[in-house]
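Participant: What would the 3D arrangement of this be:
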Amino acid sequence: MQFYYGQQMPLRILDEAEFWKHQEEEHTVVIRELVTGLEPEFVDALKKWEQALAATHGQVVRYIESVIRSGLQVSPQLYQQVLQLVSYCLQESEQFILLCQQIKQHSSVVSANQTAVVVLNHIIRESEYFIGIAQALLSSGQ
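Facilitator: Next up, the predicted model:
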């Protein structure tokens, strides 16, 4: 993500969060569908994560609507709320990565399925990409 968006930066980072939260939500389904016989505790965890990520995605969409309604004249209070939401999204992605790593390390079905390992590594890298974007924004103090 480029940082030359100026006044549109809150909308740009929200667009990124909206896209990646939706991706992570879909990734929970991909893992469940790809790995036949996945242990029930991981299936249950992925279903809970699907719901949590869908809720976060919905919250991001609501903030996008708020920023658009503001005419891109984002108040300091709304801007701080956006930064807090981005921070939450970052932490959520970190926790989702931990789940994916646990599945990779502790699922006998996954360890026997090289395609599943490759897909999980890809999913982890995609969430790490979003984390990098979010960290850059938050550390820049914009």
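Participant: Check whether T36 sits in a helix, strand or coil.
Facilitator: Three-state assignment for T36 (DSSP: H, G, I helix; E, B strand; the rest coil): coil.
Participant: Give me the pLDDT for it.
Facilitator: If you check T36, the pLDDT there is 94.
Participant: Contacts only, for it.
Facilitator: Residues in contact with T36 (CB atoms under 8 Å, 6 or more residues apart in numbering) are V109. C-beta here means a position set from N, CA and C on the backbone, and glycine is covered the same way.
Participant: and what of L78?
Facilitator: 10, 66-67, 70.
Participant: distance of the residue nearest the centre of the chain from L14?
Facilitator: By CA atoms, centre = their mean, the mean C-alpha position of the chain lies nearest to K21, the distance being 3.8 Å. Here the criterion is CB to CB, to the nearest Å. By it, K21 lies 10 Å from L14.
Participant: neighbouring contacts of stretch 48-55?
Facilitator: For stretch 48-55, contacts defined as CB under 8 Å, 6+ apart pick out 21-22, 24-25, 28-29, 92, 96, 99.
Participant: how about 10 Å then?
Facilitator: 20-29, 31-32, 89, 92-93, 95-96, 99-100 (CB atoms under 10 Å, 6 or more residues apart in numbering).
Participant: List the buried residues in it.
Facilitator: 49-50, 52-54 (16 or more other CB atoms under 10 Å).
Participant: Check stretch 28-43 too.
Facilitator: Quick answer for stretch 28-43 (16+ other CB under 10 Å): 28, 30-31, 35, 38, 42.
Participant: What of stretch 126-141?
Facilitator: For stretch 126-141, the neighbour count (16+ other CB under 10 Å) marks 126-127, 130-131, 133-134, 137 as buried.
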